[in-house]
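> Build me a structure from this.
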Amino acid sequence: MDVARQPSDSSEGEADAPLDDDGDRSRRLGPERVLTLTDGVFAIIITILVLELKVPELGSGVKLVDALEEVRPTFVAFVISFLLVGMYWVWHRGVFANVRYVDLNLLWINLLFLLPVAMVPFAASVLGEYSSEPAALHLYGFVLIVATLVRIWIDFYLGSHPGLLWAAAGKQRRRINMIAASALVAVYVVAMLIAGVAPGLSLFLYFAMPGIYFLIVTLLKTGPRTKAAAEDLA
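Model (predicted):
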């Protein structure tokens with residue numbers, strides 16, 4: 001009796017891949033190398049964020065608590081960035097768990113997603129050094145907005161190419177992804193707009209964004225829905 005199974009490695013995934021419109025199987029590969037590259041980039045990003053944390057030096061007559069206060073903005077920028085980068089990584093792993101094949105377009109879109117994400121350590125460093133400067137808050141928000149827009153692009157591309165997936169995402173799941181991503185962009189825009197008059201509140205919005213995001217996703221998943229929608233989210 002034949003048992004359906006997922007390809008155990010990239011070579012099997014390539015062999016099983018359906019032909020594309022030009023009859024070329026080589027243009028569709030398994031997602032393993034994409035996931036390896038992406039996980040590696042995220043690991044490096046988090047490492048760079050940690051390396052920005054420096055132990056303060058105590059000058060003559062300077063108390064440790066005062067020295068720690070001086071590095072507080074850098075630590076806050078690290079915590080915010082760590083949570084946001086982690087949020088994007090969790091999303092990426094969740095989406096690509098359902099990806100059976102990747103084509104050339106998806107490879108490039110994924111690289112474009114990594115571009116703004118890889119800039120987070122730089123934006124975080126600027127934010128830690130100039131946390132009350134509107135320009136620093138604007139730069140941070142801009143990087144996050146670009147990353148989220150490319151994330152929406154990935155969702156849209158996979159939704160319009162179900163042949164790349166193990167199972168086509170249902171309407172309810174696509175709706176949740178779109179609302180959650182749109183909420184991210186909306187909050188980032190608000191944080192940028194108020195940076196000039198309320199930099200502290202702007203910084204707080206960035207800090208609260210992971211919590212806001214997961215709250216929205218949870219409410220959408222647990223809210224009233226039909227039996228079919230519930231099965232779609234299972």
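> Grab the nearest non-local neighbour of the most centrally placed residue in the chain.
In the chain, the C-alpha closest to the average C-alpha coordinate belongs to residue 88, at a distance of 1.8 Å (CA atoms, centre = their mean). Leaving aside its sequence neighbours, residue 88 sits nearest to residue 117 (CB to CB, 6 or more residues apart in numbering; 6.0 Å). Every residue, glycine included, has its C-beta placed from N, CA and C.
> packing partners for the biggest helix by length in the chain?
Of all the segments of type helix in the chain, defined by DSSP state H, the longest one is helix 134-160. Under the contact criterion of 3 or more CB pairs under 8 Å, 6 or more residues apart in numbering; DSSP states H and E, helix 134-160 touches helix 72-96, helix 104-118, helix 120-129, helix 171-193, helix 199-222.
> May I see those arranged in JSON lines, with mean pLDDT as well?
What follows is these, written out as JSON lines (pLDDT from 0 to 100):
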{"stretch": "helix 72-96", "mean pLDDT": "95"}
{"stretch": "helix 104-118", "mean pLDDT": "97"}
{"stretch": "helix 120-129", "mean pLDDT": "97"}
{"stretch": "helix 171-193", "mean pLDDT": "91"}
{"stretch": "helix 199-222", "mean pLDDT": "90"}
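> closest to residue 42 out of those?
Put simply, out of the helices and strands packed on helix 134-160 the one that sits nearest residue 42 is helix 72-96, at 4.8 Å, with distance taken as CB to CB.
> okay, the closest residue to residue 177 other than its chain neighbours: pLDDT?
Among residues not flanking residue 177 along the chain, residue 155 sits closest, at 5.0 Å (CB to CB, 6+ apart). We note a pLDDT of 94 for residue 155 in this prediction.
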